[in-house]
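Participant: Requesting a structural model of the entry that follows:
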Amino acid sequence: MSSYRIGEKIGTGGMADVYLALQEGLGGFEKLVVFKRMLHWVADREEYVSLFFREARMAAVMSHPNVVATLDIGQDDSGPFMVMEYLNGETLSFMMRTLNQRQQAVPVNVACKIGADVAAGLHYAHHLSLPNGRNTAVIHRDVTPSNIMCCYSGAVKLLDFGIAKVSSEELTREGILKGKMGHIAPEQLRGGEVAPVSDVFQLGIVLWEMLTMRHLFSGKTDAERMYSVLDREVPPPSRFTPAVPAKLDQLVLSALERDPQARCPSALALEEGLRDILRDIGPSEGGSLGVGAWMQATFPERLAWRQDLERRTRDAEPLLTYVTVPSIPSPSGVRASYDPVEPSHRLQALAVVLFGSALTVAGVVMLALLVILIRMLTVPAPAPVEAQREVPAVPAPVPAQVPSGTRDADPEPPAPASPPTVPGARPAGTPAARPAPSVPPARSGAATPAPAPSEPTAPAPAASPVGEITDNEDPWADP
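Facilitator: A predicted model of the protein is given here:
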């Protein structure tokens, strides 16, 4: 059983976070290791988990000075993890990026030494002998500066066989490219067979870029980089770096042949050619320092930072994060104990859950407020109760003055005003007039009696000064 105390995060890849950890054992045994934990969103996908375990099983059977060693593999409540040897060094991509900012270059002898060691690791993988005695070819397919580690001790290691292809397996689906577009072999783009010489082409790109401090197949998009891999002219490195000998030019251009049949035939042939050039150029041509000494002189601040990181990891108080796993599992899988769960991952998961819950509650509240607002704007207000309005009374007519000498009689109400009528026509709705009663002629000398009043006619209703009230009018509206 092995216990690992997780320290500081030192990197993040496409599938995993990388931590510096301390392996602890019986009798005070301690060893710095790299703890590679699969990302949460990747661990939820079965195909990526299978790829992760496949890489670990494949790397576990490899044992070569130029290939990083895998020590352990396991799975716990936070997902799969892998334990690898710790390398006190820098990736080639970091070195080239830093040198480019300083306007410096990789010495020719250092570039040849790095290339020869990587070629040795590739040759070993291309002729891997499995524990069952069977030989197989493991094709890396991602030989790039980010997967080459150069140590301050002078060692050079090839990393990450995550997308490697085993000759006995067929895992790549049709139409799927594996690798980075600027560091990929032409036969991969054309859909041809991927073979060990595909890794030779990729290492040729790395050598050309180390010697010239330029990108060989560059472009703004993947399509541009793809066309440059297929068609762009490859100039010799000496065009940009005069210190590169003609023999090295020829070897690099041979590795970059687009036709696999005309290419440098194997990683072993490339390694041997680079070591021959190293013996030929001598210290006066390429510099007298080896890889380790040159790195210590070129990146002293980075070396000091790594030494301080190692010291902090060894001397830190025991953390709450411990992972206890058995030894290398079989391909069928492994169950690992874990006590307790890593605090940083727990806090991250809790923060995500709380943030999502807050967003959900806020969304529900906003939706409810929106519904209430829409109802207030669309539902009409209740109409007020219609009150009765008192119609002003029509003033009574004033009685007419009766001339003296006449007898009292009922006053005749004044005739209501009526619109002018056509002679001989009776207004509509008016009752026919009764004939007046005949009066006998008065006798001579007798007083003439007052004529009998005609029967009074009911007056037509006068128009209201306010106007007619209809059911549709608001009785309290301003006139």
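Participant: wait, isn't Gly89 in contact with Ile148?
Facilitator: No. Counting by CB atoms under 8 Å, Ile148 is not a contact partner of Gly89; they are 9.9 Å apart. The C-beta positions use only the backbone N, C-alpha and C, and glycine is treated the same way.
Participant: so where is the stretch 1-150 of the chain shaky, pLDDT-wise?
Facilitator: Flagging of the stretch 1-150 of the chain using pLDDT under 70 yields the residue ranges 1-2.
Participant: would you list every one of the strands in it?
Facilitator: Along the stretch 1-150 of the chain, counting by DSSP state E, counting those that start in this stretch, strands occupy 2-12, 16-24, 30-38, 70-76, 79-85, 89-91, 128-129, 135-136, 138-139, 148-151.
Participant: picking up where we left off before, tell me, what's touching Gly89 and Ile148 both at once?
Facilitator: Common neighbours of Gly89 and Ile148, using CB atoms under 8 Å, 6 or more residues apart in numbering, are Lys157.
Participant: hang on, the earlier thing: burial-wise, tell me which of the strands of the stretch 1-150 of the chain comes out on top.
Facilitator: Mean neighbour count (mean count of other CB atoms under 10 Å) peaks for strand 138-139 among the strands of the stretch 1-150 of the chain, with a mean of 24.
Participant: show me where the stretch 151-300 of the chain has helices.
Facilitator: 186-189, 196-212, 222-231, 246-255, 267-286, 291-298, 300-315 (DSSP state H, counting those that start in this stretch).
Participant: quick one, which of those helices is nearest to Val110?
Facilitator: helix 291-298 (5.3 Å; CB to CB).
Participant: Where among the helices of the stretch 151-300 of the chain is average confidence lowest?
Facilitator: Lowest mean pLDDT within the helices of the stretch 151-300 of the chain: helix 267-286, a mean of 84.
Participant: residues in contact with that helix?
Facilitator: Residues contacting helix 267-286 (CB under 8 Å, 6+ apart): 107-110, 112-113, 115-116, 119-120, 122-123, 126, 196, 199-200, 203-204, 243, 245, 247-248, 251, 255, 264.
Participant: I'd like to know which of those are buried.
Facilitator: Buried members of these, scored by 16 or more other CB atoms under 10 Å, are 107-110, 112-113, 115-116, 119-120, 122-123, 126, 196, 199-200, 203-204, 243, 245, 248, 251, 255, 264.
Participant: What's the end-to-end length of stretch 58-78?
Facilitator: From its first residue to its last, stretch 58-78 covers 23 Å (CA to CA, to the nearest Å).
Participant: Reformat the strands of the stretch 1-150 of the chain into TSV and put distance to Asp231 next to each item.
Facilitator: Below are those laid out as TSV (distance: least, CB to CB, whole Å):
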stretch	distance to Asp231
strand 2-12	35
strand 16-24	36
strand 30-38	38
strand 70-76	39
strand 79-85	39
strand 89-91	30
strand 128-129	34
strand 135-136	34
strand 138-139	24
strand 148-151	27
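Participant: looking at those, which is closest to Val371?
Facilitator: Closest to Val371 of these is strand 79-85 (CB to CB; 42.2 Å).
Participant: hmm, back to that, most tightly packed of the helices of the stretch 151-300 of the chain?
Facilitator: Ranked by mean neighbour count, the helices of the stretch 151-300 of the chain are led by helix 196-212 with a mean of 25 (mean count of other CB under 10 Å).
Participant: which other helices and strands contact that one?
Facilitator: helix 92-102, helix 108-126, strand 138-139, helix 186-189, helix 246-255, helix 267-286 (3 or more CB pairs under 8 Å, 6 or more residues apart in numbering; DSSP states H and E).
Participant: what inclination does the fifth one have with respect to helix 267-286?
Facilitator: Looking back up the chat, that one is helix 246-255. Angle of helix 246-255 versus helix 267-286, following axes from the mean of the first three to the mean of the last three CA atoms, to 10 degrees, is 150 degrees.
Participant: which one of the helices of the stretch 151-300 of the chain lies closest to Met376?
Facilitator: helix 222-231 (54.4 Å).
Participant: residues in contact with that closest one?
Facilitator: 181-182, 184-186, 189-190, 217-219, 258.
Participant: would you turn the helices of the stretch 151-300 of the chain into TSV with distance to Val33?
Facilitator: Shown next, in TSV, are the helices of the stretch 151-300 of the chain (distance: least, CB to CB, whole Å):
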stretch	distance to Val33
helix 186-189	34
helix 196-212	27
helix 222-231	36
helix 246-255	34
helix 267-286	28
helix 291-298	21
helix 300-315	10
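Participant: quick one: which of those is nearest Asp160?
Facilitator: helix 196-212 (12.9 Å).
Participant: just the CA coordinates of that closest one, formatted as PDB?
Facilitator: C-alpha atoms of helix 196-212 as PDB (Å, rounded to 0.1, in the frame of the first residue of the first chain):
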ATOM      1  CA  PRO A 196       6.500   4.600 -36.700                       C
ATOM      2  CA  VAL A 197       7.800   6.900 -39.500                       C
ATOM      3  CA  SER A 198       4.900   9.300 -38.600                       C
ATOM      4  CA  ASP A 199       6.700   9.900 -35.300                       C
ATOM      5  CA  VAL A 200       9.900  10.500 -37.200                       C
ATOM      6  CA  PHE A 201       8.300  13.300 -39.200                       C
ATOM      7  CA  GLN A 202       7.000  14.900 -36.000                       C
ATOM      8  CA  LEU A 203      10.400  14.700 -34.400                       C
ATOM      9  CA  GLY A 204      11.800  16.300 -37.500                       C
ATOM     10  CA  ILE A 205       9.500  19.300 -37.000                       C
ATOM     11  CA  VAL A 206      10.700  19.600 -33.400                       C
ATOM     12  CA  LEU A 207      14.400  19.600 -34.500                       C
ATOM     13  CA  TRP A 208      13.800  22.200 -37.300                       C
ATOM     14  CA  GLU A 209      12.000  24.500 -34.800                       C
ATOM     15  CA  MET A 210      14.800  24.100 -32.200                       C
ATOM     16  CA  LEU A 211      17.500  24.900 -34.700                       C
ATOM     17  CA  THR A 212      15.700  27.900 -36.200                       C
END
